[in-house]
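In: structure, please.
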Amino acid sequence: MRPTTLRAFALALGLAAAALAAPSPAAAQTPIVLDAEIPAGADRYFAVPFTVPAGTREIEVRHDDRSEANILDWGLADPARFRGWGGGNAEAAVVAEAAASRSYLAGPIPAGRWSLLIGQARVTERPARYHAEIFLRTEPTLAAQPERRPYADAPALAPGPRWYAGDFHVHSRESGDASPTLDEVAAFARGRGLDFVELSEHNTVSQLDFVGAAQARHPALLFVPGIEVTTYSGHANAIGATRWVDFRAGSGDPAVTVGAITDAVAAQGAIFAINHPVLNLGDVCIGCAWSLSEAPGRVGAVELQNGQYSVTGALFYARSVRFWEAYLARGEHVAPIGGSDDHRAGRDTGSLSSPIGGPTTMVYATELSVPAIVAGVRAGRTVVRLQGPGDPMVELRAGDAAMIGDTVRARRTTLRATVTRGMGATLAFVRNGSAQDPITVAADPFTATVEVDAPPGAADDRWRCELAVEGRPRVVTGHVWIAATGEPLLPDAGSVIDVGVGFDAGVGFDAAATTPPATPGGCACRSAPGPRVARHGWAALALLGLAIGRRSRTTRRCR
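Out: So this is what the prediction gives:
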């Protein structure tokens, strides 16, 4: 599909969406017009001020980048707080006292200096312009949204410690490039047997206004709050976040740095995770790969698999594991997670996309509640089923009581891996990123053990398991850590581990470590128009169909 055709299609979608919440033509008035050329040296993000007089009860912002080649993102702030980030939404942004368009926050309209927030997602055509028309109304035109309410964690939906199944990367219509309602998300997720989903909307928390009502309608599925902190140099997942995080690294504001972002996530008790860290497709998906440099100890989880393995695993999984292993090699306890990145609640996804639950992350938690799920991830108690909820399960324990996420302090301990529904698969213990010889799973359930010694020196050992089906990875566990003895290293000490009997020679799991990127950068993901995809090779071309279907200017699927 040609770029001009894509633009026309996107505009039609935007107009259709806008019609659902469009103000009455009778409410039209003379707008404030903001129209100017973007200076060549402007910050990646910048703000354009405008004044709102007392008595205003609704603001509508219509925006345009005046270009077929350039892509601008849009947001809004009042004198005291952030009011929403529509990103590439084609429809107008509307905020009122009791309602708002998607991606934006309802609430009082204070008089004073407001700001139109603009992000330069891609600017290749100069001169570049921005154009906005701002309508200030004394009577709102949007119907009130009584279902909006302040967010509060729901009481536990299920009691007791066990493994809970979920998806840590799901978008609803509050993300500008997504379409499903929370009801559609919940119905599809429960249909796949999931216990929870994280609502990871792009740079907004507007979805949380609707969670209370939706949670009451769906008492069997837990909505976990979150934000996909979407920058132009990588995407992070703020698991459990309920307050907006300023994502605009590169805005020229010295207070908005990667450190400030990770601090803002930590300050609200949320977990900073990195999404699809190696999804580097250039112009096909601007900013999807992680190239920022955060301080040591700030990353709590890494998304090893984005989309089910059969779709993207061959392209990205092995490199994602190496990215993850680099953190682990520094001694950081970083949990593995997976996320579908579903934007359509499993509908009309096509052959190159993944529905909610593909992959599925298992979290061992004390109960099915938001605090317990977040605590389970923070403790490293996760297992990723790379294809979906129908995959086998692998539980890894150490000694009599320790499990995934724990550190064992003993001279010698027994690791025990139990596989269910995995007949015919191959299981491998992985020590410090290096796989031991795999063993064939010959029963259901099936248990394999390995005796391990505490390493000398100062560095702990880490052990996990991988399960392969027909030679392809299907399950990866978090780690059990074996504390070092602190004794001086001896020649070849710890270089040989007795892994028991019955291990078959065969498939190995290459998990050689690489160093996480250390390149500073700025910020959101976008599919850019134009045919500049060929240089990315067949992998990018394979995903271009996905980009056309879901990453046009209004339906950009920001993985």
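In: for stretch 100-117, measure first residue to last.
Out: One end of stretch 100-117 to the other measures 17 Å (Cα to Cα, to the nearest Å).
In: same deal with stretch 401-417?
Out: Stretch 401-417 has an end-to-end distance of 13 Å (Cα to Cα).
In: do the same with stretch 389-408
Out: Stretch 389-408: ends 30 Å apart by Cα to Cα.
In: now do stretch 376-386
Out: Taking Cα to Cα, the first and last residues of stretch 376-386 lie 19 Å apart.
In: what about that stretch, distance to the chain center?
Out: Relative to its chain's centre, stretch 376-386 lies at 15 Å (Cα atoms, centre = their mean, to the nearest Å).
In: ok, stretch 341-357 next?
Out: 15 Å.
In: identify each buried residue in that stretch, please.
Out: 341-346, 349, 352-357 (16 or more other Cβ atoms under 10 Å). (C-beta placed from N, C-alpha, C; glycine too.)
In: cool, stretch 370-388 as well?
Out: For stretch 370-388, by 16+ other Cβ under 10 Å, it's 370, 372-388.
In: what mean pLDDT does it have?
Out: What stretch 370-388 shows for mean pLDDT is 98.
In: ok, now stretch 407-425?
Out: Mean pLDDT, computed over stretch 407-425, is 97.
In: any idea how far apart the tips of that stretch sit?
Out: With Cα to Cα, one end of stretch 407-425 sits 28 Å from the other.
In: do the same with stretch 66-82
Out: End to end - Cα to Cα - stretch 66-82 spans 25 Å.
In: check stretch 289-301 too.
Out: 15 Å.
In: avg pLDDT for it?
Out: Mean predicted lDDT for stretch 289-301 stands at 95.
In: now D35: phi and psi?
Out: As for D35, its main-chain torsions (degrees, to the nearest 10) stand at phi -140, psi 120.
In: kindly apply the preceding question to R102 instead.
Out: phi -60, psi 150.
In: contacting residues around A379?
Out: G405 (Cβ atoms under 8 Å, 6 or more residues apart in numbering).
In: which residue packs closest to R411, ignoring adjacent ones?
Out: Computed as Cβ to Cβ, 6 or more residues apart in numbering, the closest residue to R411 that is not its neighbour in sequence is A454, at 5.5 Å.
In: can you pull the contacts of the one you found?
Out: Contacts of A454 (Cβ under 8 Å, 6+ apart): 409-413, 461, 482-485.
In: closest one of these to M393?
Out: Closest approach to M393 among the contacts of A454 (Cβ to Cβ): T413, at 22.2 Å.
In: who does that closest one form a beta bridge with?
Out: For T413, the beta-bridge partners under DSSP bridges are V452.
In: how near is it to D437?
Out: T413 sits 20 Å away from D437, going by Cβ to Cβ, to the nearest Å.
In: do T242 as well
Out: From T242 across to D437, the span is 46 Å (Cβ to Cβ).
In: one more: T418?
Out: For T418 relative to D437 (Cβ to Cβ), the value is 19 Å.
In: drop anything exposed from the contacts of A454.
Out: Here, 16+ other Cβ under 10 Å leaves 413, 461, 482, 484-485 buried among the contacts of A454.
In: now, the residues you listed that are in strands?
Out: Residues of the buried ones among the contacts of A454 located in strands (DSSP state E): 413, 461, 482.
In: how is this protein carved up into domains?
Out: As given by automatic domain parsing, the domain ranges for the chain are 3-137, 162-482.
In: winner for burial among those?
Out: domain 162-482 (a mean of 21; mean count of other Cβ atoms under 10 Å).
In: for it, measure first residue to last.
Out: 23 Å.
In: so where is this protein shaky, pLDDT-wise?
Out: 1-28, 250, 349-352, 489-559 (pLDDT under 70).
In: ok, which stretches of the stretch 101-250 of the chain are helices?
Out: For the stretch 101-250 of the chain, applying DSSP state H, counting those that start in this stretch gives helices covering 182-191, 208-217.
In: would you convert the ones you listed into TSV that also reports distance to E325?
Out: TSV is the format used below for the helices of the stretch 101-250 of the chain (distance: least, Cβ to Cβ, whole Å):
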stretch	distance to E325
helix 182-191	30
helix 208-217	34
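In: mind checking which of those helices is nearest E133?
Out: Of the helices of the stretch 101-250 of the chain, nearest to E133 by Cβ to Cβ is helix 208-217, at 26.3 Å.
In: same for the closest one, what does it pack against?
Out: helix 182-191, strand 222-231 (3 or more Cβ pairs under 8 Å, 6 or more residues apart in numbering; DSSP states H and E).
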